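Peer 1: sharing a model prediction with you, sequence too.
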Amino acid sequence: MRTSAGRVGRALAAPLRTFWGAFRARWRGWPRWVRALVALALAAAVPVAAIGAAFVALRLEYTGDVSAEARTRGRDAIWLGHAWVDGRKTDADVAALAQQLAGTGIRDLYVHTGPLEHDGSLQPSVHPRARWFTDTLHRELPQIRLQSWLGNEVKPEKDGLDLEDAPTRDRVAASARQVLDLGFDGVHFDMEPIRPGSHGWLALLDQVRAVTAEHGAKLSVAAPQIDPLPGLHSAGIALTGHGKWWDQAYFAETARRVDQIAVMSYDTSMQTEPLYGGYVAQQTELALEATPKDVDLLMGLPFYWDDTWAHRGSAETVTAAVRGVRLGLGRRDLRRPNFGVALYVDFAATPEHWAAYRRGWVG
């Protein structure tokens, strides 16, 4: 067998040696400027080919059949805007919300109660009707869990919270106690952009987890997408100064410190539905690999329309996202109970968004 394989290998290698010899001879005869242009073209072709291969891989992620078991587990969530706690909403709005949630898999409401001040404190004046909201929802929808959505922009990329500063973290922890005393069942952080490797972010989660545990409450976070290619977060920061992705290891470090983690799997720059759906499938698989079994993992669905390079509305559809989530779940951990989707955001949602979620995920 080895002798036959060697003969085949020599037979295949002969034409390559002939081609390479002819190319080298011609290369030496070209002017220096021609050789420089060819070298530049070859150098440019390598990353273009790599990017092309990545897009092909994403498109293939969107293929295949979805499992009938890849449906809601009754652990879904939705982000709710600030109007619910600042006085703009009424009992009639609560009744309409109850009707909207009926028959879905939604268990958690992330209610925007901030924003936090740059020093980590929370002004009571920004949520004057928070107690009304928690009392009313607990009475009308006792099966629903209410989480206070707190956040701000973060240094060093933005002029906001300095999570590496211990007094700032102390004030954020005090803000968490403040909202739990208003009747919320948990604290949900959305702080952006946090660069992977931030020790302050992990220290904050450890500190606030102790606070929520004292209250018998939950701690959840909104998390960036995971590197679709190894090291992409480092390249992005180096080239643009913006940290869009986390590496999978840092995602896992965060997930181990919370009760629930929701991936913001939108604003992806994907330009077609199949590419976006394939990207969501890949993100679902990466997040499933990194999230402990006892932590709720939710994948974000775009319940809004925008038309920019970062978010192509015709591509980032609820239908494509749900199919991607179901494909990723089926490939990686089909029967995982601690899994759901999170809908962003109530005030931008249309009847079509809700219908696609019900049809594709609730079933």
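Peer 2: Arrived safely, thanks for sending.

Peer 1: all helices of the stretch 151-300 of the chain, in order?
Peer 2: Assigned helices in the stretch 151-300 of the chain, in chain order: 166-180, 199-214, 232-240, 248-255, 273-290 (criterion: DSSP state H, counting those that start in this stretch).

Peer 1: need these in JSON lines (columns: mean pLDDT and mean neighbour count).
Peer 2: Placement of C-beta: from N, CA and C, glycine included. Output for the helices of the stretch 151-300 of the chain, formatted as JSON lines (pLDDT from 0 to 100; neighbours: other C-beta atoms under 10 Å):
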{"stretch": "helix 166-180", "mean pLDDT": "98", "mean neighbour count": "19"}
{"stretch": "helix 199-214", "mean pLDDT": "98", "mean neighbour count": "17"}
{"stretch": "helix 232-240", "mean pLDDT": "74", "mean neighbour count": "14"}
{"stretch": "helix 248-255", "mean pLDDT": "98", "mean neighbour count": "19"}
{"stretch": "helix 273-290", "mean pLDDT": "98", "mean neighbour count": "24"}
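
Peer 1: out of these, which is closest to Leu150?
Peer 2: Checking the helices of the stretch 151-300 of the chain against Leu150 by C-beta to C-beta gives helix 166-180 as the closest, at 6.3 Å.

Peer 1: out of everything not next to it in sequence, what's closest to Thr136?
Peer 2: Nearest in space to Thr136, with sequence neighbours left out and distances taken as C-beta to C-beta, 6 or more residues apart in numbering, is Val94 at 5.4 Å.

Peer 1: tell me where the chain has strands.
Peer 2: Secondary structure of the chain (DSSP state E): strands at 76-80, 106-112, 145-153, 186-192, 218-223, 225-226, 245-246, 260-263, 296-302, 339-344.

Peer 1: turn these into CSV, columns for mean pLDDT.
Peer 2: Listed next are those as CSV, based on pLDDT from 0 to 100:
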stretch, mean pLDDT
strand 76-80, 99
strand 106-112, 98
strand 145-153, 98
strand 186-192, 98
strand 218-223, 98
strand 225-226, 98
strand 245-246, 96
strand 260-263, 99
strand 296-302, 98
strand 339-344, 99
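
Peer 1: format these as a markdown table; extra columns: distance to Leu205 and mean neighbour count.
Peer 2: Shown next, in a markdown table, are the strands of the chain (distance: least, C-beta to C-beta, whole Å; neighbours: other C-beta atoms under 10 Å):
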| stretch | distance to Leu205 | mean neighbour count |
| --- | --- | --- |
| strand 76-80 | 18 | 24 |
| strand 106-112 | 16 | 25 |
| strand 145-153 | 13 | 23 |
| strand 186-192 | 8 | 24 |
| strand 218-223 | 7 | 23 |
| strand 225-226 | 18 | 25 |
| strand 245-246 | 14 | 24 |
| strand 260-263 | 10 | 25 |
| strand 296-302 | 15 | 26 |
| strand 339-344 | 18 | 25 |
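
Peer 1: fine by me, thanks again.
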